[in-house]
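**Student:** How does the following fold in three dimensions:
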Amino acid sequence: MERLMPAGLARTHDLIRLREPLALAKAPLPSWVLPVLGRIPWVVVRRGHVSYGMIPVGVRGMTRSHRFASWVAAAEIADRLSPEDLTDSGHILSQQRKDAVPALAALDRVAGLLMRHGYPWGPGGSVGFELATGEATATAMSDLDLILRQDRRLELDEGIALLDALTAAAAPARIDVLLETPSGGVSLADFAATPALVLVRTPCGPRLSVDPWKIDATALSEAAL
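**Tutor:** Alright, predicted model coming up:
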């Protein structure tokens, strides 16, 4: 039986610490997976469905080419952190790391802006992974990936103004902002570009939509069957 991932269990972009690396369900594993998880037993929740109680996750290696999709049972989760849990973690970063990685240095500036405007947000990507695990995974070339969970529809002028403000606050780091709507994820940059159709990353795959807040949830559920 397959169903959409329940919000109370784990949400897309959440970081999960495994009880043990062998908890991953998919085999065979690439040779780099177990050594990486032996040192950093964290995986990220992928967009998708819970199938027979298994949560879709992804393993991050030390390079971009080292990415592996798998599943893990809820019972194998030792800890879980959402991007929102990491918003006040900037103080754990050394000044040396901030000087070396513009995306890490930009965190405080971006956090102040988003908190003043009341947006629910959190860091994702390599920055979020570093904050959660304490491993130096972000590099000087890393983007600052931001996750904004937006249940209410963002008006176009608000989206454009938000993108401009975040771009200025993060500079010289690049930002990549993903709006998480009830239907899926949409790039803030794509949304602000005002195309006739915007690409939405749904649990059932990418879909084009006039309004990413109004994709039929019933149709998404049926597509998962």
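
**Student:** Let's verify the closest residue to Thr87 other than its chain neighbours: helix, strand, or coil?
**Tutor:** If the residues on either side of it in the chain are set aside, Thr87 comes closest to Gly122, at 5.5 Å by Cβ to Cβ, 6 or more residues apart in numbering. No exception for glycine: its C-beta is placed from N, CA and C like everyone else's. Here Gly122 is recorded as strand under DSSP: H, G, I helix; E, B strand; the rest coil.

**Student:** For Leu156, list the residues it contacts.
**Tutor:** Listed by Cβ atoms under 8 Å, 6 or more residues apart in numbering, the contact set of Leu156 reads Phe191, Ala192, Thr194.

**Student:** neighbour-wise, which of the residues you listed leads?
**Tutor:** Using other Cβ atoms under 10 Å as the neighbour criterion, Phe191 leads the contacts of Leu156 with 22 neighbours.

**Student:** sorry, back to before: would JSON lines of the contacts of Leu156 with secondary structure be doable?
**Tutor:** Shown next, in JSON lines, are the contacts of Leu156 (three-state DSSP):
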{"residue": "Phe191", "secondary structure": "helix"}
{"residue": "Ala192", "secondary structure": "helix"}
{"residue": "Thr194", "secondary structure": "coil"}
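
**Student:** in the sheet, who's paired with the residue nearest to Thr87?
**Tutor:** Counting by DSSP bridges, Gly122 is bridged to Ile147.

**Student:** got the contact list for it?
**Tutor:** Taking Cβ under 8 Å, 6+ apart, we find Gly122 in contact with His13, Ser82, Pro83, Glu84, Asp85, Leu86, Thr87, Gly128, Leu146, Ile147.

**Student:** how does it look with 10 Å?
**Tutor:** 13-14, 81-87, 89, 111, 114, 128, 131, 145-149 (Cβ atoms under 10 Å, 6 or more residues apart in numbering).

**Student:** same question, Gly159
**Tutor:** Gln150, Arg153, Val177, Leu179, Val186, Leu188, Ala189, Asp190, Phe191, Ala192, Ala193, Thr194.

**Student:** Please type out the PyMOL selection for whichever of those turn out to be buried.
**Tutor:** The following PyMOL line selects those of these that are buried, judged by 16 or more other Cβ atoms under 10 Å:
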select buried, resi 150+177+179+186+188+190+191+192
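
**Student:** quick one on the thing from earlier: any idea how far Ala106 is from the residue nearest to Thr87?
**Tutor:** The spacing between Gly122 and Ala106, counted by Cβ to Cβ, to the nearest Å, is 14 Å.

**Student:** which stretches of the protein aren't confidently modelled?
**Tutor:** 1-8, 90-91, 216-225 (pLDDT under 70).

**Student:** Do a quick rundown of the helices in it.
**Tutor:** 33-39, 95-100, 102-105, 107-117, 125-133, 156-170, 188-192, 217-223 (DSSP state H).

**Student:** Could you chop the chain up by domain?
**Tutor:** Domain assignment for the chain by automatic domain parsing gives 2-81, 83-223.

**Student:** Just the closest of the contacts of Leu156 to Ala73, please.
**Tutor:** The closest of the contacts of Leu156 to Ala73 turns out to be Phe191 (Cβ to Cβ; 35.4 Å).

**Student:** With adjacent residues omitted, what lies nearest to that closest one?
**Tutor:** Closest to Phe191 by Cβ to Cβ, 6+ apart is Gly159, at 5.2 Å.
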